[in-house]
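Peer 1: Give me coordinates for this.
(one chain, ligands or ions: 1)
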Amino acid sequence: MVGQSDAGQVGWEKLANLAKPTLKALFADPARLDSWCTTLDLPGGTIRFDWSKTHLDAAAWAVLADIARAMDFENRRAALFDGDAINASEGRAAEHTAQRGVGKETSVDEAAALHARTRALVEAIHDGALGEVKSLIHIGIGGSALGPALAIDALTRDGARVVVHVVSNIDGCALEAAMAQCDPATTLIAVASKTFTTTETMINAASALGWLREGGVGDPYGRVVALTAAPDKAVEWGVDETRVLPFPESVGGRYSLWSSIGFPIALALGWEDFAAFLDGAAAIDRHFLDTPLAENVVVRAAFGDLIYTQARGCQTRAVFAYDERLKLLPSYLQQLEMESNGKRVTADGKPLGRPSAPITWGGVGTDAQHAVFQLLHQGTHVIPVDFLAVIISGDSLDPAHHRILLSNCFAQGAALMAGKAGSDLSRDYPGDRPSATMLCEDLNPATLGALIAFHEHRTFVSAVMLGMNPFDQFGVELGKEIAKQIETGDGPGFDPSTEALLALAGIGD
Ligand code: F6P
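Peer 2: Below is the predicted model:
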């Protein structure tokens, strides 16, 4: 991606110097709700994107739209979908949308062929080709784990065709906990790694093989499925080619759950649901690609984010899912947003010179209300908040549960905005604190796909506006290198604090 950071510079200064009306003042406009709230009719049901309780207004929009023009936004967006090599530092495209059928024709065809292969294996397993399969231990980390973990947790509350345990941490406690719930005779192992070299994943995979062997499985490799962009490495490691499900190098790790990395989702839910998941995402792809900026919910969300980071000094943004099924969404978004846009350099290699991605954090409502909301309402930081909620309840208990859950969600947004004068400062709520609300009609594979794709593109828009490449992640390498040096004893020697910690733990003696 060719950065054009200088082109946007003047605009960012303008944005920072604009008048800053309060939310109360903005709501004096009777058209405010209609102007900043859009409901999309999507394959899984509607999603209402209400950005009216943010400080977006016509003046800020005009400046942001100018920056978008200066940053060649429309061509950058086209380049994403056309499969151009927009990940310039790694010399490749970012073709996750092709996995959902939207993108360059040859890439879409390739994705369809690879999906057919995944589907065939999923259906063969469902049909008993590998004997009785009750559970799958899915081993992967980062983008090879967070998406499957989120989708499976969100969508299998009513049961799964195969019970999936996602294991990422190299801490053996994680794998042991999963193995304790499985019988080696009826368990498959998925090894999910784009590179098929990640230490955590390969060590966990080796231990899982050992567990199968000790559990009496004669051919442990025969129980392994590999999900990877490096199929040769998986075969070399010992997985039979028929159980290696490749995906293209042009699909980034944190954008890979639509590819064969989604195998555990398809195995748990069935292929039809996985296809619906892809369709929901594709509907957002088309909205993002085809809708003019002014009505584009993805662009609107990103512009809202940029107001807070670039003009109002906000260093974090919080996401609260008022739905237990979405409780893993904040951690999924942390990787998506912080690994993509947590950078201090533009795509053309210059210092960014301004704030990059905010720190994404969050939790689940109503639990978070009783833990961290004090700071949101009365702390010295202003933290833009996203609320996510679902109209149709996921539980079958007394409807009071869901009614009160939603009431709390909406009450928090109202309270943050309105505030309340108190008899003294400790009882005073300043208000004017921004929030956006995403209200889904239902939560199903298609809705979840749409929500995730919405956030992917929101992240992309911010990157384009700031002139960054959201698709590389060199910042994760240094710590890995040092850990390897410690493991192999080839290190140059470390600082006294690190040396003392290593000595105390008995490492590297
Ligand atoms: O270290 C970060 C990272 O490279 C992520 O970008 C990626 O999702 C994760 O590690 C796992 O990588 P892999 O899928 O190659 O095992």
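
Peer 1: How many residues are close by whatever residue of the stretch 201-350 of the chain ends up closest to the ligand?
Peer 2: Nearest residue of the stretch 201-350 of the chain to the ligand (C-beta to the nearest ligand atom) works out as Gly253 at 2.9 Å. (Glycine included, C-beta is placed from N, CA and C.) For Gly253, the count of nearby residues is 25 (other C-beta atoms under 10 Å).

Peer 1: The residue lying closest to it once chain neighbours are set aside and Arg344, how far apart?
Peer 2: The shortest distance from Gly253 to any non-neighbouring residue, by C-beta to C-beta, 6 or more residues apart in numbering, is to Gly143 (3.4 Å). Counting by C-beta to C-beta, to the nearest Å, the separation of Gly143 from Arg344 is 22 Å.

Peer 1: Pick out whichever of the two has more residues nearby.
Peer 2: For Gly143 versus Arg344, neighbours defined as other C-beta under 10 Å are more numerous around Gly143 (24 against 12).

Peer 1: Mind picking out the helix or strand in the chain with the poorest mean pLDDT?
Peer 2: Within the chain, no helix or strand scores below helix 5-17, which has a mean of 84 by mean pLDDT, DSSP states H and E.

Peer 1: Identify the residues contacting it?
Peer 2: Residues outside helix 5-17 that contact it (C-beta atoms under 8 Å, 6 or more residues apart in numbering): 60, 63-64, 66-67, 70-71, 306-307, 310-311, 346, 348, 350, 352-354, 465-467.

Peer 1: what domains does the record give for the protein?
Peer 2: 6-19+40-92+276-392+401-472, 103-275, 475-505 (automatic domain parsing).

Peer 1: Now do the second one, average pLDDT.
Peer 2: When pLDDT is averaged over domain 103-275, the result is 98.

Peer 1: Can you measure across it, start residue to end residue?
Peer 2: Using C-alpha to C-alpha, to the nearest Å, the end-to-end distance of domain 103-275 comes out at 17 Å.

Peer 1: now it: how far from the chain's centre is it?
Peer 2: Centroid separation for domain 103-275 versus its chain: 19 Å, with C-alpha atoms, centre = their mean, to the nearest Å.

Peer 1: do the same with the last one
Peer 2: Domain 475-505 has its C-alpha centroid displaced from the chain centroid by 30 Å (C-alpha atoms, centre = their mean).

Peer 1: Quick one: check that domain for contact with the ligand.
Peer 2: Yes. Counting by C-beta under 6 Å from any ligand atom, the ligand has neighbours in domain 475-505: Val476.

Peer 1: quick one, strands of the stretch 201-350 of the chain?
Peer 2: 224-228, 244-246, 316-322 (DSSP state E, counting those that start in this stretch).

Peer 1: hey, which of these is tucked in deepest?
Peer 2: The highest average neighbour count among these, using mean count of other C-beta atoms under 10 Å, belongs to strand 224-228 at a mean of 27.

Peer 1: which other residues reach that strand?
Peer 2: By C-beta under 8 Å, 6+ apart, strand 224-228 touches 121, 140, 144, 188-196, 205, 209, 234, 237-239, 243-247, 259-261, 263.

Peer 1: Could you restrict those to the ones contacting the ligand?
Peer 2: Filtering these for proximity to the ligand by C-beta under 6 Å from any ligand atom leaves 144, 193-195.

Peer 1: Quick check on these: which are buried?
Peer 2: Among these, those classed as buried by 16 or more other C-beta atoms under 10 Å are 144, 193-194.

Peer 1: Dump the residues you listed to JSON lines, plus secondary structure.
Peer 2: Below are these laid out as JSON lines (DSSP: H, G, I helix; E, B strand; the rest coil):
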{"residue": "Ser144", "secondary structure": "helix"}
{"residue": "Ser193", "secondary structure": "coil"}
{"residue": "Lys194", "secondary structure": "coil"}
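
Peer 1: Go through those and name the one nearest Gly365.
Peer 2: Distances from Gly365 to those, taken as C-beta to C-beta, are shortest for Ser144 (28.5 Å).

Peer 1: What is the subsequent helix or strand relative to the helix or strand harbouring Ala25?
Peer 2: If you go by DSSP states H and E, Ala25 is part of helix 23-26. Where DSSP H and E defines the elements, the next helix or strand beyond helix 23-26 is helix 32-36.

Peer 1: Of all the residues in that following helix, which ones are buried?
Peer 2: Under the neighbour-count criterion of 16+ other C-beta under 10 Å, helix 32-36 has 32, 35-36 buried.

Peer 1: The residue of the stretch 201-350 of the chain closest to the ligand contacts Gly140, correct?
Peer 2: No. Counting by C-beta atoms under 8 Å, Gly253 stays clear of Gly140, with 9.3 Å between them.

Peer 1: So which bits of the protein are right by the ligand?
Peer 2: Residues of the chain lying close to the ligand by C-beta under 6 Å from any ligand atom are 141-144, 193-195, 198, 201, 253-254, 339, 473, 476.

Peer 1: what about 8 Å?
Peer 2: 140-146, 192-198, 200-201, 228-229, 252-254, 256, 261, 335, 339, 473, 476-477, 480 (C-beta under 8 Å from any ligand atom).

Peer 1: What about these, which are in helices?
Peer 2: Mapping the residues of the chain next to the ligand onto helices (DSSP state H) picks out 146, 200-201, 477, 480.

Peer 1: Report the two members of those separated by the largest distance.
Peer 2: The widest separation within these, taken as C-beta to C-beta, falls between Leu146 and Glu477 and amounts to 19.2 Å.

Peer 1: quick one, which of the two is more surrounded?
Peer 2: A direct count of neighbours by other C-beta under 10 Å for Leu146 and Glu477 places Leu146 higher, at 24 against 9.

Peer 1: And for the residue in the stretch 351-500 of the chain positioned nearest to the ligand, nearest residue in space, chain neighbours not counted?
Peer 2: Relative to the ligand, the nearest point of the stretch 351-500 of the chain is Val476 (3.7 Å; C-beta to the nearest ligand atom). Among residues not flanking Val476 along the chain, Glu339 sits closest, at 7.3 Å (C-beta to C-beta, 6+ apart).

Peer 1: Same check on Ile284?
Peer 2: Nearest to Ile284 is Ala453, by C-beta to C-beta, 6+ apart, at 3.9 Å.

Peer 1: Where does that neighbour fall, secondary structure wise?
Peer 2: Using DSSP H and E, Ala453 maps to helix 445-466.

Peer 1: so that helix versus helix 5-17, what angle?
Peer 2: Angle, helix 445-466 to helix 5-17, by axes from the mean of the first three to the mean of the last three C-alpha atoms, to 10 degrees: 100 degrees.

Peer 1: got a list of what the residue of the stretch 201-350 of the chain closest to the ligand touches?
Peer 2: Applying C-beta under 8 Å, 6+ apart, the residues contacting Gly253 are 142-144, 194.

Peer 1: how near is it to Phe196?
Peer 2: Plainly put, Gly253 is 12 Å away from Phe196 if you go by C-beta to C-beta.

Peer 1: what ranges do the strands span in the stretch 401-509 of the chain?
Peer 2: According to DSSP E, counting those that start in this stretch, the stretch 401-509 of the chain carries its strands in the segments 435-440.

Peer 1: what bits of it have low per-residue confidence?
Peer 2: Within the stretch 401-509 of the chain, the segments meeting pLDDT under 70 span 509.

Peer 1: let's go with 90 and repeat that
Peer 2: Scanning the stretch 401-509 of the chain with the threshold set as pLDDT under 90 gives 486-493, 508-509.

Peer 1: so who does the residue sitting furthest away from the middle of the chain touch?
Peer 2: Within the chain, the residue lying farthest from the chain centre (C-alpha atoms, centre = their mean) is Ser423, at 42.5 Å. When contacts are counted by C-beta under 8 Å, 6+ apart, Ser423 touches no other residue.

Peer 1: Helices of the stretch 151-300 of the chain, start to end?
Peer 2: For the stretch 151-300 of the chain, the helices defined by DSSP state H, counting those that start in this stretch occupy 172-180, 199-214, 231-237, 263-269, 271-290, 297-306.
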